[in-house]
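# any chance you could fold what I've pasted below:
(2 chains)
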Amino acid sequence: MPSAATKLYADDVSLLVVLLDTNPFFWSTSTLPFSKFLSHVLSFLNSILLLNQINQIVVIATGCNSCDYIYDSSLSTNPGIEKGKLPALCSELLKKLEDFVTRDEQLNKQQSQSLPPTTTSSLLSGSLSMALCYIQRVFRSGPLQPHPRILCVQGSSDGPEQYVAIMNSIFSAQRSMVPIDSCYIGSNNSAFLQQASYITGGVYQKPQQLDGLFQYLSTVFATDLHSRTFLQLPKSVGVDFRASCFCHKKTIDMGYICSVCLSIFCKHHKKCSTCGSVFGQAQSDVASASNLKRKTPET
Amino acid sequence: MNNGNGRRLNGETEEDDDDEGSEGDLDAWERTYADERSWESLQEDESGLLRPVDNKTLYHAQYRRRIRSLSSQATTSRIQKGLIRYLYIVVDLSRAAAEMDYRPSRMAVVAKHVEAFIREFFDQNPLSQLGLVTIKDGIAHCLTDLGGSPESHVKALMGKLECSGESSLQNALDLVHGYLNQIPSYGHREVLILYSALSTCDPGDILETIQKCKKSKMRCSVIGLSAEIFICKHLCQETGGSYSVAMDESHFKELILEHAPPPPAIAEFAIANLIKMGFPQRAAESSIAICSCHKEAKVGGGYTCPRCKARVCELPTECRICGLTLISSPHLARSYHHLFPIVPFDEVSSSVLNDPRNRLPRSCFGCQQSLPNPGNKPSLRVACPKCKQHFCLDCDIYIHESLHNCPGCESFRHSKSPIATEE
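Below is the predicted model of the structure:
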């Protein structure tokens, strides 16, 4: 498994994978209209390409019901010259994005027929997984590789059902040394993205003024990994790594962990509600010789 | 030599004459290739022609792993894994470890891969602990106590790499038994012995020691570096471990890394229990405190034990003052993929590939790499049985070994609520 990059281009060549949140549930409530948001992001993407001619951009849309690649700068032909109209980046990206949003909406309709929409979160776990697969392909591709990083531009709130999948992606990114930057434009902080950026060594930023989104993006997230060592980027304000118990969803300082399935409880139970193991009882029944010999029985 | 001179004038190859004397103890033909052993990776095709190895070996290893996970899933639908492990690695540093059949020596190869194993072990088992024991001159020494920090183990091992004397299996087992008998009952006790010698020089009856290990539920596994030995096989059979003998360096690496993922839990081996653990918060960046692990004053960046308020530097650990296990929630999350394993992907059969009625995806769902056309090569794509998306082989390996998520299943909402939407 090619974990770390073996040979790199010059320090400042980057591969930026941008995960765009296109969740309609969020954008209908946001103060920043989606069209304005897109113009900020498009200018940002253009400026990344301008910084270095071999910089590469991949854009993945994170929808409510699906995820898909919507732009890959390595595939696009000759940017800029297209009948004097919009540059290729914009037209190609916007077209694919439109297709994607319609498809996503259809999926949503299909689903709302069968059951009422319960979740309004985006499928961040899916787009993260795709981004990591793409980055692995770049690692495999040849001797010269750009520095990859992931930027999540996310607005909708966390979907608790994605916790395990998102954590898996985070650890995989950490292993292959891919930082996950996050720009969170929703109202509250996103615990998932805070953890993702903290664990992988990326930057987490929640812009105060959404009108100036481009400035946030270009000053914080446009810098390549090498230049970051010379900059004063926003520091992570304490990430809360305390766990919440499975029984009451309370955040706890101290708790009990099931030794079989690692479920977290705030009180001592007789039986694990997740895996069904019975606690304590077995210890007295099978009090074997080794049990009696033990010097320090743990409680 | 005239010839050599002429060649040099032409500015062509000159590798023959250059490195004389630098590696004087090796014969000429051993010099350049000694480290790579490139001849071992050559393969013959059907007509006997040599061809360099492509990714076929990789593919094969992956295939094997897939088969194994399949078989383990067939036995029980819900696998219980021994997630809290207490493992001792026993490194044989007897005379036999100086043998040079592995390059540069068995000992160096073992040390190199043990280092990789230790890192992988803590990556996969963040709540587990590991210790090192060496056998030298017929005596077993404890190199490091059970602990959770990979760096200290690696450092201790690298500092003690010299070998002499006989090897003694019994002494090693006795020593480890003494340590492992003290650990709490919910932990899985394991011993991994890396055995170079072909004999064991014991002070007493080793069969008794094996029975003792069996009684205290230690799972003993052995990886041999020379040949299969009866007593090792017997030990592994009795205690439920696995015994394997490495053929070469890459095989050894594969064998040792097989011990990194948690083994399936055997019900009577460890007793389910609730373990009290603390989730300390990170102290503010500017606060100064004396940490209890290094006994030094440090500025910021520590964690405070919720029970006794002692400061520790790193997680996971055990509080030095009150003995509470201190972890953070990502450590728990790191182990969840063992409990919710991702289903193995199915190979797309050639009949499906060659059927013109099927409109197959032209690129891998994960990385967008174009998949080879059907007809050119035998089936070289896999599909997730749940979401039916197609993936390339590289993504298949990455998804199953590192990511532990199926990008296809994760990026469609309907696959997540199977109760309501399944037809």
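# can you map out the strands along chain A?
Using DSSP state E, the strands found in chain A span residues A:14-21, A:56-62, A:67-72, A:147-154, A:180-184, A:204-205, A:243-244, A:251-252, A:254-258, A:264-265.
# go through those and name the closest to B:Tyr243.
strand A:254-258 (31.7 Å; CB to CB). Where you see a C-beta, it was placed from the backbone N, CA and C, and this is true even at glycine.
# out of the strands of chain A, which comes closest to B:His234?
strand A:254-258 (35.0 Å).
# which other residues reach the closest one?
Contacts with strand A:254-258, where a contact means CB atoms under 8 Å, 6 or more residues apart in numbering or on different chains, come from A:243, A:245, A:263-269, A:272, A:274-275, A:277, A:279, B:272, B:274-279, B:306-307, B:324, B:332.
# would you mind listing the buried residues in the top helix by length along chain A?
Using DSSP state H, we find that the single longest helix of chain A is helix A:88-114. Neighbour counts over helix A:88-114 (16 or more other CB atoms under 10 Å in any protein chain shown) mark A:88-90, A:92-93, A:96-97, A:100-101, A:104, A:107-108, A:111 as buried.
# stretch B:222-232 too?
Buried residues in stretch B:222-232, counted by 16+ other CB under 10 Å: B:222-225, B:229, B:231-232.
# cool, and stretch A:132-151?
A:132-140, A:145-151.
# how about it as CSV, C-alpha atoms only?
In CSV, the C-alpha atoms belonging to stretch A:132-151 read as follows (Å, rounded to 0.1, in the frame of the first residue of the first chain):
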residue,chain,number,x,y,z
LEU,A,132,-9.5,9.2,-0.6
CYS,A,133,-9.9,6.6,-3.3
TYR,A,134,-9.0,9.2,-5.9
ILE,A,135,-6.0,10.3,-3.9
GLN,A,136,-4.8,6.7,-3.6
ARG,A,137,-5.0,6.5,-7.4
VAL,A,138,-2.8,9.6,-7.6
PHE,A,139,-0.3,8.0,-5.2
ARG,A,140,-0.2,4.9,-7.4
SER,A,141,0.0,6.8,-10.7
GLY,A,142,3.7,7.4,-11.0
PRO,A,143,6.9,8.6,-9.5
LEU,A,144,5.9,12.3,-9.5
GLN,A,145,3.0,13.2,-7.4
PRO,A,146,1.5,16.5,-6.2
HIS,A,147,0.8,17.0,-2.5
PRO,A,148,-2.8,16.0,-2.0
ARG,A,149,-5.3,17.6,0.4
ILE,A,150,-9.0,17.6,0.9
LEU,A,151,-11.1,20.7,1.5
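# from B:Leu83, how far off is the residue positioned nearest the centre of chain B?
Centroid check for chain B by CA atoms, centre = their mean gives B:Leu257 as the closest residue, at 2.4 Å. For B:Leu257, the distance to B:Leu83 equals 18 Å [CB to CB, to the nearest Å].
# same check on B:Gln369?
35 Å.
# A:Thr274: neighbouring residues, count only.
Neighbour count of A:Thr274, defined by other CB atoms under 10 Å in any protein chain shown: 15.
# correct me if wrong: it contacts A:Ile264.
No - checked against CB atoms under 8 Å, the pair A:Thr274 and A:Ile264 is beyond contact range at 9.6 Å.
# circling back: among the contacts of strand A:254-258, which are located in helices?
Within these, residues falling in helices by DSSP H are B:Leu332.
# buried among the contacts of strand A:254-258? Make that a ChimeraX selection.
Selecting only the buried entries of the contacts of strand A:254-258 in ChimeraX, with 16+ other CB under 10 Å as the criterion:
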select /A:243,245,263,264,265,266,269,272,277,279 /B:272,274,275,276,277,278,279,306,307,324,332
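# can you check the pLDDT for A:His147?
You'll see A:His147 listed with a pLDDT of 88.
# any low-confidence regions in the stretch 51-200 of chain B?
The model of the stretch 51-200 of chain B has pLDDT under 70 over residues B:51-80.
# which residues of it lie near chain A?
Counting by CB under 8 Å from any CB of the partner chain, the residues of the stretch 51-200 of chain B close to chain A are B:78, B:80, B:83-84, B:123, B:127, B:181-182, B:184-187.
# out of those residues, who's the most crowded?
Highest count within these by other CB under 10 Å belongs to B:Leu83, 27 neighbours.
# now residue 225. Nearest residue, chain neighbours left out?
Using chain A. A:His147 (4.9 Å; CB to CB, 6 or more residues apart in numbering or on different chains).
# that's the wrong chain, I meant chain B
That would be B:Ser196: by CB to CB, 6+ apart, it lies 4.6 Å from B:Leu225.
# thought B:Asp101 was touching that neighbour, still the case?
No - applying CB under 8 Å as the test, B:Ser196 and B:Asp101 come out as separate, 10.0 Å apart.
# more crowded one of these two?
B:Ser196 (27 against 12).
# give me the distance between that one and chain A.
28 Å (CB to the nearest CB, to the nearest Å).
# what sits against that residue?
If a contact means CB under 8 Å, 6+ apart, then B:Ser196 has B:92, B:94, B:96-97, B:99, B:106-107, B:110, B:167, B:224-226 as its contacts.
# quick revisit: look up how far B:Thr209 lies from the residue nearest to B:Leu225.
20 Å.
# report the buried residues of stretch B:148-165.
B:148-150, B:153-154, B:156-157, B:160, B:163.
# next: stretch B:314-323.
Buried-residue list, stretch B:314-323, by 16+ other CB under 10 Å: B:315-319.
# check the separation of the first and last residues in it.
15 Å (CA to CA, to the nearest Å).
# now do that stretch, average pLDDT.
Per-residue scores along stretch B:314-323 average to 82.
# roughly how far is that stretch from the heart of the chain?
26 Å (CA atoms, centre = their mean, to the nearest Å).
# ok, and what's touching stretch A:194-209?
Residues beyond stretch A:194-209 that count as contacts (CB under 8 Å, 6+ apart) turn out to be A:128, A:149-150, A:152, A:166-167, A:169-171, A:173-174, A:178-185, A:189, A:193, A:213, A:216, A:220-221, A:233-234, A:236, A:239, A:241, B:330.
# wouldn't A:Ser122 be in contact with A:Gln154 here?
Yes - contact criterion CB under 8 Å: A:Ser122 and A:Gln154 qualify, at 6.9 Å.
# skipping adjacent residues, who's closest to A:Ile166 in space?
A:Ser125 (4.8 Å).
# returning to that earlier point: which residues do A:Thr274 and A:Ile264 both contact?
A:Phe246.
# residues from the stretch 101-250 of chain A in reach of chain B?
Within the stretch 101-250 of chain A, the positions near chain B by CB under 8 Å from any CB are A:107, A:110-111, A:114-115, A:119, A:123, A:125-127, A:129-130, A:132-134, A:136-137, A:140, A:161-165, A:167-172, A:175-176, A:195, A:199, A:238-243.
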